[in-house]
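Colleague: I'll drop the sequence and a predicted model, then ask my questions.
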Amino acid sequence: MTAPLLSVEHVTRRYGPRIGCQDVSFELWPGEVMGIVGESGSGKSTLLSCISGQGDPDEGRVVYDARDLGPVDIREMSEPRRRMLMRTDWAFVHQNPRDGLRMTVSAGANVGERLMAVGARNYANIRAQATDWLGKVEIDEGRVDDRPAAFSGGMQQRLQIARNLVTGPRLVFMDEPTGGLDVSVQARLLDLIRGLVRELGLSAVIVTHDLAVVRLLADRLMVMKDGRRVETGLTDQVLDDPQHPYTQLLVSSVLQA
């Protein structure tokens, strides 16, 4: 029987007396996209930080089915192994692409650096792969030597995606990947993300406040409020027939907008 790719077990994170997230559990299966939604302060970003290895939970476990080790708690991994995991099997797409890019080097170098981090050394091959990935994310390959500062916000986000996916990760974490972009740019980026997820068979965890994003991208949906999970289920099921009063409020606010 296929094992979950990621098992989140009773994850809790506190900031002094304030709860970031509390007792959150779910499983993510190979090729599945999980959306996590909620208003600001709901705990979704704290949860994402805990499960992506960017922050440590106070309680609970995050178990990943690693290629070479099988299921392992990421907190029990050595620091070098965890760093390698984040360069190979995992990827993280930030809301602000500047947080995920090196702004002082070229677009090609941004993509190539991740290849070099996993051992690639042939310059011609690295440049060829970087140029190929620019094409995959709809950036003119002739801009391989341009720096990210010369790109629009949408192009920077697509470059960040290329940088993350070039090493063939199995699991991608996305924090408000379309936040701050114009509506037309959002739509194009969402189509790109959806196509890449399907083409590459990626699993993903996407945090967003935008229900339209999860409707388009997510197979399953988790709704958070005050650090706790209040509802979960298939995305269309949750959005079309919300059971929890908070979810009903979220959905109705979108319908009234």
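Modeller: Nice, thanks for sending it over. Residues are numbered from 1 along each chain as shown.
Colleague: What strand or helix carries the closest residue to Gly55 other than its chain neighbours?
Modeller: Nearest residue to Gly55 in three dimensions, chain neighbours excluded: Ser49, at 3.8 Å (C-beta to C-beta, 6 or more residues apart in numbering). The C-beta positions use only the backbone N, C-alpha and C, and glycine is treated the same way. Per DSSP states H and E, Ser49 falls inside helix 44-51.
Colleague: Give me the next element, helix or strand, following that helix.
Modeller: Where DSSP H and E defines the elements, the next helix or strand beyond helix 44-51 is strand 59-66.
Colleague: Dump the C-alpha coordinates for the helix or strand that that next one is followed by into PDB.
Modeller: Once the chain leaves strand 59-66, the next helix or strand it forms, by DSSP H and E, is strand 70-73. Included here for strand 70-73 are C-alpha records, laid out as PDB according to Å, rounded to 0.1, in the frame of the first residue of the first chain:
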ATOM      1  CA  GLY A  70      11.700   5.800   4.100                       C
ATOM      2  CA  PRO A  71       9.400   7.600   6.700                       C
ATOM      3  CA  VAL A  72      11.500   9.900   8.900                       C
ATOM      4  CA  ASP A  73      10.700  12.700  11.300                       C
END
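Colleague: For strand 70-73, list every residue counted as buried.
Modeller: By 16 or more other C-beta atoms under 10 Å, the buried positions in strand 70-73 come out as Val72.
Colleague: Touching that strand from outside, list them.
Modeller: In this structure, residues lying in contact with strand 70-73 by C-beta atoms under 8 Å, 6 or more residues apart in numbering are Ala3, Ser7, Arg61, Val62, Val63, Tyr64, Asp65, Ala66.
Colleague: I'd like the distance between the residue nearest to Gly55 and Leu69.
Modeller: Taking C-beta to C-beta, to the nearest Å as the measure, Ser49 falls 23 Å from Leu69.
Colleague: what about these two, which has more around it?
Modeller: Ser49 (20 against 11; other C-beta atoms under 10 Å).
Colleague: Look up how far Lys225 lies from the more buried one.
Modeller: As judged by C-beta to C-beta, Ser49 and Lys225 stand 18 Å apart.
Colleague: Would you mark the buried spots in stretch 177-196?
Modeller: Neighbour-count burial for stretch 177-196, with 16+ other C-beta under 10 Å as criterion, is recorded at Pro177, Thr178, Gly179, Leu181, Val185, Gln186, Leu189, Leu190, Leu192, Ile193, Leu196.
Colleague: Which residue is the nearest non-sequential neighbour of the second one?
Modeller: For Thr178, ignoring the flanking residues on the chain, the nearest one in space by C-beta to C-beta, 6+ apart is Gln186 at 4.2 Å.
Colleague: Also the third one?
Modeller: Here the nearest residue to Gly179 in space, its sequence neighbours aside, is Gln95; by C-beta to C-beta, 6+ apart that works out to 4.6 Å.
Colleague: Spatially nearest residue to Ser52 (excluding sequence neighbours)?
Modeller: Closest residue in space to Ser52, ignoring its immediate chain neighbours: Phe173 at 4.3 Å, by C-beta to C-beta, 6+ apart.
Colleague: Equivalent analysis for Arg87, please.
Modeller: Spatially, and ignoring its direct neighbours in sequence, Arg87 is nearest to Ala117 (4.9 Å; C-beta to C-beta, 6+ apart).
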